[in-house]
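let me see the structure of the following:
(4 chains)
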2 protein chains.
Amino acid sequence: MISTKGRYALRVLIDLAEQGTDAPVPLKDIAKRQGISGQYLQHIAKLLVDQGLIVGTSGKGGGYLMARPPQECTVADVLAAAEGTLAPVACLACETVDCDRSDTCKTLPMWQKFDLLTKDYFSSVTIADLANGTNGANDASNLTS
Amino acid sequence: MISTKGRYALRVLIDLAEQGTDAPVPLKDIAKRQGISGQYLQHIAKLLVDQGLIVGTSGKGGGYLMARPPQECTVADVLAAAEGTLAPVACLACETVDCDRSDTCKTLPMWQKFDLLTKDYFSSVTIADLANGTNGANDASNLTS
DNA sequence: CAATCAACCTATTGACATACTATGTTGATA
DNA sequence: TATCAACATAGTATGTCAATAGGTTGATTG
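The predicted model follows:
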């Protein structure tokens, strides 16, 4: 299950996209707008910086900016950065296939297929889609139709 | 991410399906075959019993049996029983929609769509599919083709 | 009846993750 | 040099995970 880390990270990116400015946005402002602890957001911002999704500038007038335009920043990127991985099971988390059951595992193909399904879906939604309210290729606004 | 609880639960069900007998299968036998702690499997078995996926009989000659034929037991049933929920985010876990952001949440439609995607996928794979090595409608055996 | 087997039940444990809070230090601007 | 903000490190309360331990109930056997 996606934790607050991943969900807050999305809200930070959406907030940045909504400001749509060239001036860096202080994290304190984002925290206030989103109603999230600023100190906690620092940790999440660090994850996003480390993965090159946002860039931070120190000092007066500093803040954060998206490293790429919102259309080129996918939800898969953000969630993977915040959560560490999007893999549904541990044996698919990193390239270390150290599971000794992998050759006889009856469930591995199912997990692999689901892993692709998940990554395809979240890669098809961008921050721009979320900020606009249109979920891109996977628009879910017509769920009830 | 699916924990050992969910993964072990699947292995218990697959093991039961593979025995394909009317005689109850002791958990100790399953634990030995699968190389899993028997005491830990007890907790997982309880979850499966509580959700009506398997039935246990006490006493000598006792053990567990699938409550339904393997073709009618979906992976979604098993994972939901073991993990508690298959929802990708907390606000979709139970019917308690107590999130005060739900009417303005920019990501909720995306989560709802993914929730459907997930449940559709895991509902399309049965224990019989896994035991046979053919993943049903979502066969992933031709991933490399 | 009693021994055995197996499910069932409660609790406890160590390790780890989550969701924070607190307190600095560095760096850039005014 | 005062201020602002990112960056860094440490700590805390709570909970889950993955097991382990020990006892109770229930059903089949000799």
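
every contact and neighbour count from this point should use C-alpha atoms.
Noted.

and the most far-flung residue of chain A relative to its centre, how far is that from DNA strand D?
Ranking residues of chain A by C-alpha distance from their mean position (C-alpha atoms, centre = their mean) puts A:Thr104 at the top, at 33.5 Å. With distances taken as C-alpha to the nearest atom of the strand, to the nearest Å, A:Thr104 is found 19 Å from DNA strand D.

give the contact list for the residue nearest to A:Lys28 when sequence neighbours are not counted.
Nearest non-adjacent residue to A:Lys28, counting by C-alpha to C-alpha, 6 or more residues apart in numbering or on different chains: A:Gly38, 5.8 Å away. Contacts for A:Gly38 (C-alpha atoms under 8 Å, 6 or more residues apart in numbering or on different chains) come out as A:27-28, A:31-32.

can we see that at 7 Å?
A:Gly38 makes contact with A:27-28, A:31 under the criterion C-alpha atoms under 7 Å, 6 or more residues apart in numbering or on different chains.

what is the nearest of those residues to DNA strand C?
A:Ala31 (10.5 Å; C-alpha to the nearest atom of the strand).

and that closest one, that's in a helix?
Yes - the assignment for A:Ala31 by DSSP: H, G, I helix; E, B strand; the rest coil puts it in a helix.

contacting residues around it?
So A:Ala31 contacts A:37-38 (C-alpha under 7 Å, 6+ apart).

what's the spacing between it and A:Phe122?
25 Å (C-alpha to C-alpha, to the nearest Å).

tell me the residues of chain A that contact DNA strand D?
A:25-28, A:42-43, A:45-46, A:49, A:55-64 (C-alpha under 7 Å from any atom of the strand).

could you point out which residue ranges in chain A have low pLDDT?
For chain A, the stretches with pLDDT under 70 are A:95-97, A:135-145.

quick one: the helices in it?
In chain A, the helices defined using DSSP state H lie at A:4-19, A:27-34, A:38-50, A:75-83, A:108-123, A:127-132.

distance to DNA strand C added to those, as TSV?
As requested, these are exported to TSV (distance: least, C-alpha to the nearest atom of the strand, whole Å):
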stretch	distance to DNA strand C
helix A:4-19	4
helix A:27-34	10
helix A:38-50	4
helix A:75-83	6
helix A:108-123	18
helix A:127-132	20
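
now the ones you listed as CSV including distance to B:Thr118?
Formatted as CSV, the helices of chain A follow (distance: least, C-alpha to C-alpha, whole Å):
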stretch, distance to B:Thr118
helix A:4-19, 18
helix A:27-34, 28
helix A:38-50, 26
helix A:75-83, 16
helix A:108-123, 8
helix A:127-132, 20
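
contact partners for the closest residue to A:Thr107 other than its chain neighbours?
With sequence-adjacent residues excluded and distances taken as C-alpha to C-alpha, 6+ apart, A:Thr107 is closest to B:Leu130, at 6.4 Å. By C-alpha under 7 Å, 6+ apart, B:Leu130 lies in contact with A:106-107, B:14.
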